[in-house]
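> here is my input; please provide its structure:
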Amino acid sequence: MAETTFLQHWIFTEYLFPFLLVFFLVFAVLERTKLLGEGKKQLNALTAFVVGLIFVGAGVPKLIVGNMILFFAVAVVVVFVILLLWGFVFGDKEGFKLEKWMKWVLGILIGIAFIGAVLWATGWNTTVSSFFSGQSQIWTNIAFVVVIAIALALVLIGKEKKSS
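Residues are numbered from 1 along each chain as shown. Okay, the predicted model is just below:
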């Protein structure tokens, strides 16, 4: 079980963090656009402070932004992992070159592994496995056909490379 920290206290999560997020975003936008004039840091800060307080006082917008921030954080991590794996497979270094077909096979395998990891992390793996286990004979046959087709494709690609 995960331990709770002082940063998970309701005062922080319900009031301080949303206020700081909106305050800094509004202040940055006002500073960058110079909407209230040039060199008006105090006015920009006061405006951002008031907008932040109004935002924290409203319930529904705070909930929407909180959910969007959670989604954004997960999306950033997912994109980072995808780009990291992509770099491992398709990045070329001097002295280490993969054949084009090997890159595609590794890319597909990493894609399948990534989808499996996301299903496991979100808890959907039990839902998917219960769906597949309901008709196990059909899925077993389909899996065998797919494995045989992949093996044949790899053999045929290897023969084409040797003959050319």
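> rest of the way, CA atoms for contacts and neighbours
Noted.
> my read: Thr13 touches Leu7, true?
Yes - using C-alpha atoms under 8 Å, Thr13 is in contact with Leu7, at 7.4 Å.
> need the contact list for the residue nearest to Ala45 when sequence neighbours are not counted.
Closest residue to Ala45 apart from its sequence neighbours, by C-alpha to C-alpha, 6 or more residues apart in numbering: Phe27 at 5.9 Å. Contact analysis of Phe27 by C-alpha atoms under 8 Å, 6 or more residues apart in numbering lists 44-45, 47-48.
> buried ones among these?
Buried members of the contacts of Phe27, counted by 16 or more other C-alpha atoms under 10 Å: 44-45, 47-48.
> show me those residues that map onto helices.
44-45, 47-48 (DSSP state H).
> go through the buried ones among the contacts of Phe27 and name the one nearest Gly111.
Closest approach to Gly111 among the buried ones among the contacts of Phe27 (C-alpha to C-alpha): Ala48, at 43.2 Å.
> from Phe19, how far off is that closest one?
Distance, Ala48 to Phe19, using C-alpha to C-alpha, to the nearest Å: 10 Å.
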